[in-house]
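Chemist: need a 3D model of the following:
(one chain, ligands or ions: 2)
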Amino acid sequence: MRVAIIGSGPAGFYAAEALLKRTDAIVDVDMFERLPTPYGLVRGGVAPDHQKIKTVIRVFASTAARPTFRFLGNVRLGSDVTVEELRRHYHQIVYATGNEADRRLGIPGEGMARCTPATVFVGWYNGHPDYRHAQIDLSVRRVAVVGNGNVAVDAARILLRTPAELEQTDIAAHALEALRNSQVREVFILGRRGPEQAAFSPTELKELGTMQDADPVVDPGELAGYVDWESTSNAEKDKNLRILRAFAARQPRANAKRLHLRFLVSPTEVIADAAGNVAGLRLEKNRLEARPDGTVAAHGTGAIEILDVGMVLPAIGYAAERIAGVPYDEKARVIANEDGRVVDPASRAVLANEYVVGWARSGPQGLIGEHKRASAHVVRHMIADGAGVAARSLPDRDAIVALLRERGVQPVSFNDWKQLDDVEVARGARRGAPRDKIVEVEAMLALLGQR
Ligand SMILES: Cc1cc2nc3c(=O)[nH]c(=O)nc-3n(C[C@H](O)[C@H](O)[C@H](O)COP(=O)(O)OP(=O)(O)OC[C@H]3O[C@@H](n4cnc5c(N)ncnc54)[C@H](O)[C@@H]3O)c2cc1C
Ligand SMILES: NC(=O)c1ccc[n+]([C@@H]2O[C@H](COP(=O)([O-])OP(=O)(O)OC[C@H]3O[C@@H](n4cnc5c(N)ncnc54)[C@H](OP(=O)(O)O)[C@@H]3O)[C@@H](O)[C@H]2O)c1
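Modeler: Ligands and ions are numbered 1, 2, ... in the order given. Below you'll find the predicted structure:
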């Protein structure tokens, strides 16, 4: 059976691994990736000061070393190659394209200068070629990060770390330089609901108390409901509450930068100065209301405050990009599917031999390791549905590469990537870092002698 996997993040690599490890099927896997570099958010999302989690790429590289695996980087589904072409050249297709769009607050002023989605800020400091030229102006002293998830925590931490804490990471050189000159002294992480509803992982939250030159600040008043509190029914939430209580009891160092964790506030307008830059954020105080289904919703109370900030980073979640020819679920903002089988969004009829894994399937929740089981689950559907599909004769395996070259697309192989990898690692060694990323696609291709 010949399978095309689109996207080289964790979900795509775990799907490849599950397919290639099967003993009951012989599978050739071609993995298409729009960038010349593999690994999706492991390279372009995971924070540079979290190097340990990135060692997972060793597992992915060993999958890539299997003889029936082929990497076709620098090929974007939807423009360089079409879904129809893939259907002709492969027995089955797996979409593993992640969530590359950001969710919007939908408030006045959202698009103005210095109001920048976290997707952009994260891509910028991680050297993702799409965001190399993002305008990140760190001449401001106070920044609001909207959202109570781990991405908000990442963004706040990177803004507040010292250059010494970052230079021996794989942070992009342009971001390190900008952060060296940063004027940011205070960051506000804003949650629309309460501390008990925050989506932070305890480990990530706790780390905020260990920064070299920044201290967390929590208003004990905002934790008032948890003073005599024993525990919730959720161990993670309990840990978060204990950490927040410890932060509230701390005295921040006099000259340290500050990270304020605020709850029960929703931004209602980004306020502009005369030049059209962010000059503040209008916040409405919320109260919580339990719904009949047990969930807890935030409702505005009408009480307003203006937060004096010069930059706003909404970190309120991601969504799947629409790809030409791939069925899209408008409501969930993922590729339309039933348990990983792609479906027509209107009729819900299954589209034979097309599958989806990872964030493109489930939306933007979950950690890297969770994709191993989830992708293997979808691969079991593929094998169950796949009886007989390999009988359909296909063009020669190299025909797809010839087709791409004919239209001027130069696929980047895994060996090509290894060359780029070597260059990055050697450049990084100069500053004691694991790598110094090449951040322009053109520069990558030039290094490979393709441009
Ligand atoms: C900022 C951030 C930090 C995170 N940090 C952690 C962490 O520390 N620990 C942890 O466990 N989890 C972390 N996560 C979660 C983790 O990154 C995700 O669970 C995981 O990466 C999702 O995997 P995926 O393969 O579905 O998508 P992705 O990793 O996004 O991979 C999708 C791939 O598809 C490619 N692609 C997209 N469209 C096309 C196309 N049309 N044609 C070809 N290729 C395409 C993309 O370039 C990308 O390489 C983080 C997430 C974010 C956003
Ligand atoms: N180090 C790590 O392990 C790490 C790092 C980064 C990301 N990740 C993972 O990646 C996934 C995505 O993370 P994420 O932080 O993007 O998403 P997330 O965990 O879903 O958090 C999104 C946050 O945005 C809030 N929000 C949504 N819409 C809002 C609005 N209109 N106004 C105000 N707030 C709004 C949500 O509040 P409500 O709860 O009220 O909706 C929630 O607090 C998660 O699974 C996360 O754990 C892990």
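
Chemist: residues of the stretch 301-450 of the chain that sit close to ligand 1?
Modeler: Ile323, Gly358, Trp359, Ala360, Gly366, Leu367, Ile368, His371 (Cβ under 6 Å from any ligand atom). For the C-beta atoms, the positions are set from N, CA and C on the backbone; glycine is no exception.

Chemist: could you identify the pair within those that is furthest apart?
Modeler: Spatial extent of those (Cβ to Cβ) is set by the pair Ile323 and Leu367 at 24.5 Å.

Chemist: circling back: which one of the residues of the stretch 301-450 of the chain next to ligand 1 is nearest to ligand 1?
Modeler: Closest approach between those and ligand 1, by Cβ to the nearest ligand atom: Gly358, at 2.3 Å.

Chemist: so where do the strands sit in the stretch 201-350 of the chain?
Modeler: For the stretch 201-350 of the chain, the strands defined by DSSP state E, counting those that start in this stretch cover 214-218, 257-262, 265-272, 278-290, 296-307, 311-314, 318-319, 328-329, 334-335, 337-338, 341-343, 350-356.

Chemist: the more surrounded of Ile323 and Leu367?
Modeler: A direct count of neighbours by other Cβ atoms under 10 Å for Ile323 and Leu367 places Ile323 higher, at 20 against 10.

Chemist: list the contacts for the closest residue to that one other than its chain neighbours?
Modeler: Leaving aside its sequence neighbours, Ile323 sits nearest to Gly78 (Cβ to Cβ, 6 or more residues apart in numbering; 4.4 Å). Contacts for Gly78 (Cβ atoms under 8 Å, 6 or more residues apart in numbering) come out as Ile323, Ala324, Gly325, Val326.

Chemist: now the strands of the stretch 201-350 of the chain as a markdown table including mean neighbour count, distance to ligand 2 and mean pLDDT?
Modeler: Converted to a markdown table, these look like this (neighbours: other Cβ atoms under 10 Å; distance: least, Cβ to the nearest ligand atom, whole Å; pLDDT from 0 to 100):
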| stretch | mean neighbour count | distance to ligand 2 | mean pLDDT |
| --- | --- | --- | --- |
| strand 214-218 | 22 | 16 | 98 |
| strand 257-262 | 21 | 12 | 98 |
| strand 265-272 | 20 | 6 | 98 |
| strand 278-290 | 18 | 10 | 96 |
| strand 296-307 | 13 | 6 | 96 |
| strand 311-314 | 27 | 8 | 98 |
| strand 318-319 | 21 | 6 | 96 |
| strand 328-329 | 14 | 18 | 98 |
| strand 334-335 | 24 | 14 | 98 |
| strand 337-338 | 18 | 19 | 98 |
| strand 341-343 | 20 | 23 | 98 |
| strand 350-356 | 20 | 18 | 97 |
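
Chemist: now those strands as a markdown table including distance to Asn74?
Modeler: A markdown table is the format used below for these (distance: least, Cβ to Cβ, whole Å):
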| stretch | distance to Asn74 |
| --- | --- |
| strand 214-218 | 39 |
| strand 257-262 | 39 |
| strand 265-272 | 37 |
| strand 278-290 | 36 |
| strand 296-307 | 43 |
| strand 311-314 | 30 |
| strand 318-319 | 23 |
| strand 328-329 | 24 |
| strand 334-335 | 22 |
| strand 337-338 | 27 |
| strand 341-343 | 25 |
| strand 350-356 | 22 |
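
Chemist: against Thr210, how distant is the closest residue to ligand 2 within the chain?
Modeler: Proximity of the chain to ligand 2 (Cβ to the nearest ligand atom) peaks at Gly149, 2.2 Å away. Gly149 is 19 Å from Thr210, where distance means Cβ to Cβ, to the nearest Å.

Chemist: and stretch 182-196, anywhere near ligand 2?
Modeler: Yes - applying Cβ under 6 Å from any ligand atom, one finds stretch 182-196 touching ligand 2 at Gly191, Arg192, Arg193.

Chemist: who wins for most neighbours among the residues you listed?
Modeler: Busiest of the residues of stretch 182-196 next to ligand 2 [other Cβ under 10 Å] is Gly191, holding 24 neighbours.

Chemist: residues contacting that residue?
Modeler: Counted by Cβ under 8 Å, 6+ apart, Gly191 has contacts Gly147, Asn148, Gln197, Ala198, Leu261, Arg262, Phe263, Leu264, Val265.

Chemist: correct me, but the first one touches Gly317?
Modeler: It stands for Gly147. Yes - counting by Cβ atoms under 8 Å, Gly147 does reach Gly317; the two are 7.3 Å apart.

Chemist: looking at the two, which is more packed in?
Modeler: Under the neighbour definition other Cβ under 10 Å, Gly147 and Gly317 were set side by side, and Gly147 has more, 24 against 20.

Chemist: hang on, Asp416 in a helix?
Modeler: Yes - under DSSP: H, G, I helix; E, B strand; the rest coil, Asp416 falls within a helix.

Chemist: residues contacting it?
Modeler: Asp416 neighbours (Cβ under 8 Å, 6+ apart): Pro36, Gly73, Leu448.

Chemist: let's see 10 Å
Modeler: Listed by Cβ atoms under 10 Å, 6 or more residues apart in numbering, the contact set of Asp416 reads Pro36, Thr37, Phe71, Gly73, Asn74, Gln410, Met444, Leu445, Leu447, Leu448, Gly449, Gln450.

Chemist: ligand 2 contacts on the protein?
Modeler: 50, 105, 146-152, 154, 191-193, 197, 199, 201, 204, 266, 315-318, 364-367.

Chemist: all helices for the stretch 101-250 of the chain, in order.
Modeler: 118-125, 150-160, 163-166, 173-180, 202-207, 235-249 (DSSP state H, counting those that start in this stretch).

Chemist: among the ones you listed, which comes closest to Ala349?
Modeler: Short answer: helix 118-125, nearest of the helices of the stretch 101-250 of the chain by Cβ to Cβ, at 32.7 Å.

Chemist: three-state assignment of Arg66?
Modeler: Per three-state DSSP, Arg66 ends up coil.

Chemist: give the contact list for the residue nearest to it when sequence neighbours are not counted.
Modeler: Nearest residue to Arg66, sequence neighbours excluded (Cβ to Cβ, 6+ apart): Leu20, at 5.0 Å. By Cβ under 10 Å, 6+ apart, the residues touching Leu20 are Val3, Ile26, Val27, Asp28, Val29, Thr63, Ala64, Arg66, Pro67, Thr68, Phe69, Val379.

Chemist: just to revisit the earlier point, among the residues of the stretch 301-450 of the chain next to ligand 1, which ones are buried?
Modeler: Ile323, Gly358, Trp359, Ala360, Ile368, His371 (16 or more other Cβ atoms under 10 Å).

Chemist: which residue packs closest to the second one, ignoring adjacent ones?
Modeler: Right, the one you point to is Gly358. Ala11 (2.4 Å).
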